[in-house]
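S.K.: quick check, what structure comes out for this input:
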Amino acid sequence: MAMAALNQGAVGVRIDSPGHIQAVRDRTDRPIIGLWKQVIPPSAVYITPQFHHAAAVAQAGSDIIAVDATQRSRPGGETLGGLIERIHGELGKPVMADVDTLDNALRAVEAGADCLGTTLFGYTEATQRKPPPGFALLQAMVEHCPVPVICEGGIGSPAQAHQALDLGAYAVVVGTAITGIDSLVQGYLNAIQQP
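M.R.: Here you go, the predicted model:
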């Protein structure tokens, strides 16, 4: 799927887990935003939650490391600023801060994030009743944050991707609308099984 996207003009890909990142890196030199989703209870942080996850993602070939940049407590107690500092200093990689609110975006910039993503809008306690894409959040982040803002989450059509760019997004990440084969198949089944 990554190569199909790149072959059709995507400028880069966002890939989860070291194994998948390495498989894509072996086939392309195009930019990879890498992350590793790991659930470590009781923490709700799951996008590259600890430094060793970031190190594995970097070693696999990521150009940018994506991390959860909400103010929720991280497993192991590391701070966001400490994590970003280590990624910059020890791995030499830029950091994409996945956020859910403008406040968390501003805190991430203050902590040293190189770019921001609207990734967690709709997926945290603070935003769970708000369906992505978070266009109002995107607009506020573009207006108030001095780093590139990437619109990610809930982009379900080319028109929405275009709208995000019109609102000032530096780039757009399209996920489930392209890779959600299970959802697409279910949608077709539901449509043809209707009486």
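S.K.: just confirm Leu165 is within a helix.
M.R.: Yes - counting by DSSP: H, G, I helix; E, B strand; the rest coil, Leu165 is located in a helix.
S.K.: with adjacent residues omitted, what lies nearest to it?
M.R.: Residue nearest to Leu165 in three dimensions, not counting chain neighbours: Val172, with 6.4 Å by Cβ to Cβ, 6 or more residues apart in numbering. Just so you know, the C-beta spots here come from the backbone N, C-alpha and C atoms, and that holds for glycine as well.
S.K.: in three-state terms, label that neighbour for me.
M.R.: When classified by three-state DSSP, Val172 comes out as strand.
S.K.: beta partners for it?
M.R.: Note on Val172: beta-bridge partners by DSSP bridges are Cys151.
S.K.: strands of the chain, start to end?
M.R.: Applying DSSP state E to the chain gives strands spanning 13-16, 32-35, 64-68, 95-98, 115-117, 149-152, 171-173.
S.K.: among the ones you listed, which is nearest Ala105?
M.R.: Across the strands of the chain, the minimum distance to Ala105, taken as Cβ to Cβ, is reached by strand 115-117, at 5.2 Å.
S.K.: so what strands line up beside that closest one?
M.R.: Under the criterion DSSP bridges, the sheet neighbours of strand 115-117 are strand 95-98 (parallel), strand 149-152 (parallel).
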